[in-house]
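Peer 1: below are the sequence and a predicted model for it; my questions follow.
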Amino acid sequence: MKAKMNDGEVELLLQYEEKRQHDVVNLIASENYVSDDVLQALGSSLTNKYAEGYPGARYYGGNIQIDLIERLAQKRALELFGLSPEEWSVNVQSLSGSPANLAVYTALVPLGGKIMGLTLDQGGHLTHGHKASLTGKWWQQVPYTLNKETEVLDHDVVRSIAMTEHPDVIVTGYTAYSRIIDWDAFRAIADESGALLHVDASHIAGLIAGGIYPSPFPYADTVVMTTHKTLRGPRGALIFSRKDQRKFNEKIDKAVFPGLQGGPHMNTIAGIAVALHEAARPDFQIYAAQVVDNAQTLAQALEQKGWRIISGGTDTHLFLMDTWMNGISGKAASDALEQEGIIVNKNTIPFDTRSPVDPSGIRIGTAAETTRGKNTADMIALAERIDDMLRKQIKQK
Ligand SMILES: *Cc1c(COP(=O)(O)O)cnc(C)c1O
């Protein structure tokens, strides 16, 4: 932080948090470090402005710059993913990933309708129809799971559930799944069963933008992504929808505002525009490739030290590691690592027999540390440290 604040109490807490973020090794798969430009947009006077409505159709005056900023964010979002404004529309106002999914269902799925989603404990997100989320109260989840042997998606199982249940929407794209998703297979299942295909690319957005993960856009009806994970922008979300006679874009815009929200957070939208610009640069492609290279190197090094990696590896920025198999629970492992300044999160593994509060594994991601310049040699050293700490903890028990 540069300027001195008048509020010393908050300033001190910000300074401590900044120091904490600087000092730890951050392996939280959903976190990243934004650029100074993104921070500047977030901390700008745009936060003072009310702009309910959409560009050219606002409920307040004084929105000349605001309209230009929102349109710029939309243009950059479409360009980054190679989409033409004739075929795709994007809403940049949703406050975060969860409300973005809620907006899509609100727009496109009748209340009480069926949302087919991967269960939370297998790597899906709460907002894919879990009971604890409104998406599982207002709609009915049709759950699917991974293949127990391979721990990857099983399209035969997904197809047979879809053909029996005929969900309104099939959701693919996950929170804790490390493999390439066969978008084409999901498109075929959606067509066969008469469902919409909604892709939640929250985790992999930056990998898709960086060209290291296949794009879902040729296959999906709607795509949601958070802007703050691998995409390395402020907390927020983008909702893309196909523009055709079904008028998804108009329904989604109405679901976001006035359906679920009031005024958009224009400082965030400006920050998103900045992040999209950064993600369009050639160095972001190098970054995305390095993220995956680092994750693969770290997973492999841990595997060589006797740790079981779920599904045997990763194609992305993250992977799950079964710690319970070596005698330490996910919570104990995560706590032990935190003591030494390595931050991960405890996580259920597919078909976990333990509880979500103390599951069998941990989730590890490399997007944040790669932003901080870490390379594969660092990953090998890190695997050594993680292995040492966990084994020490197991011995003490
Ligand atoms: C992170 C995430 C979300 C939710 O994002 P929030 O911004 O935390 O609300 C939704 N779906 C998936 C797949 C995610 O990984």
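Peer 2: It's in.

Peer 1: this protein: helices as residue ranges?
Peer 2: Secondary structure of the chain (DSSP state H): helices at 8-23, 36-42, 64-80, 97-108, 155-165, 183-193, 205-209, 248-254, 266-279, 282-304, 330-339, 367-371, 376-396.

Peer 1: so what secondary structure elements neighbour the longest one?
Peer 2: Spelled out, it's helix 282-304. Helices and strands touching helix 282-304, by 3 or more C-beta pairs under 8 Å, 6 or more residues apart in numbering; DSSP states H and E, are helix 205-209, strand 308-309, strand 318-322, strand 361-365, helix 367-371, helix 376-396. C-beta: built from backbone N, CA, C; applies to glycine.

Peer 1: and among these, the most buried is which?
Peer 2: Stretch with highest mean neighbour count among the helices and strands packed on helix 282-304: strand 361-365 (a mean of 28; mean count of other C-beta atoms under 10 Å).

Peer 1: what sits up against that strand?
Peer 2: With contacts defined as C-beta atoms under 8 Å, 6 or more residues apart in numbering, strand 361-365 is touched by 27-31, 176, 295, 298-299, 310, 317-324, 330, 333-334, 337, 344-349, 352.

Peer 1: rerun at 7 Å
Peer 2: 27-29, 176, 295, 298, 310, 317-324, 330, 333-334, 344-349 (C-beta atoms under 7 Å, 6 or more residues apart in numbering).

Peer 1: ok, now stretch 332-343?
Peer 2: Stretch 332-343 is contacted from outside by 23-28, 323, 344-346, 362, 386, 389-390, 393, using C-beta under 7 Å, 6+ apart.

Peer 1: next to the ligand, which bits of this protein? Give me the list.
Peer 2: For the chain, the residues in contact with the ligand (C-beta under 6 Å from any ligand atom) are 30, 96-98, 101, 125, 127, 173-175, 200, 202-203, 226.

Peer 1: closest one of those to the ligand?
Peer 2: Using C-beta to the nearest ligand atom, residue 97 is the member of the residues of the chain next to the ligand that lies nearest the ligand, at 2.3 Å.

Peer 1: correct me, but the closest one touches residue 226?
Peer 2: Yes. At 4.0 Å, residue 97 counts as touching residue 226 under the criterion of C-beta atoms under 7 Å.

Peer 1: between those two, who's got more neighbours?
Peer 2: When neighbours are counted by other C-beta atoms under 10 Å, residue 97 and residue 226 differ, and residue 97 comes out ahead with 28 against 24.

Peer 1: can you pull the contacts of the more buried one?
Peer 2: With contact set as C-beta under 7 Å, 6+ apart, residue 97 has these partners: 202, 224, 226, 237.

Peer 1: follow-up on the earlier one: can you redo the helices and strands packed on helix 282-304 as JSON lines with distance to residue 277 and mean pLDDT?
Peer 2: What follows is the helices and strands packed on helix 282-304, written out as JSON lines (distance: least, C-beta to C-beta, whole Å; pLDDT from 0 to 100):
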{"stretch": "helix 205-209", "distance to residue 277": "11", "mean pLDDT": "98"}
{"stretch": "strand 308-309", "distance to residue 277": "35", "mean pLDDT": "98"}
{"stretch": "strand 318-322", "distance to residue 277": "25", "mean pLDDT": "98"}
{"stretch": "strand 361-365", "distance to residue 277": "24", "mean pLDDT": "98"}
{"stretch": "helix 367-371", "distance to residue 277": "16", "mean pLDDT": "98"}
{"stretch": "helix 376-396", "distance to residue 277": "28", "mean pLDDT": "96"}
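
Peer 1: can you redo those as a markdown table with distance to residue 283?
Peer 2: A markdown table is the format used below for the helices and strands packed on helix 282-304 (distance: least, C-beta to C-beta, whole Å):
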| stretch | distance to residue 283 |
| --- | --- |
| helix 205-209 | 12 |
| strand 308-309 | 29 |
| strand 318-322 | 22 |
| strand 361-365 | 20 |
| helix 367-371 | 11 |
| helix 376-396 | 18 |
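
Peer 1: out of these, nearest to residue 87?
Peer 2: With distances scored as C-beta to C-beta, the stretch of the helices and strands packed on helix 282-304 nearest to residue 87 is helix 205-209 (17.1 Å).

Peer 1: which helices and strands does the closest one pack with?
Peer 2: helix 282-304 (3 or more C-beta pairs under 7 Å, 6 or more residues apart in numbering; DSSP states H and E).
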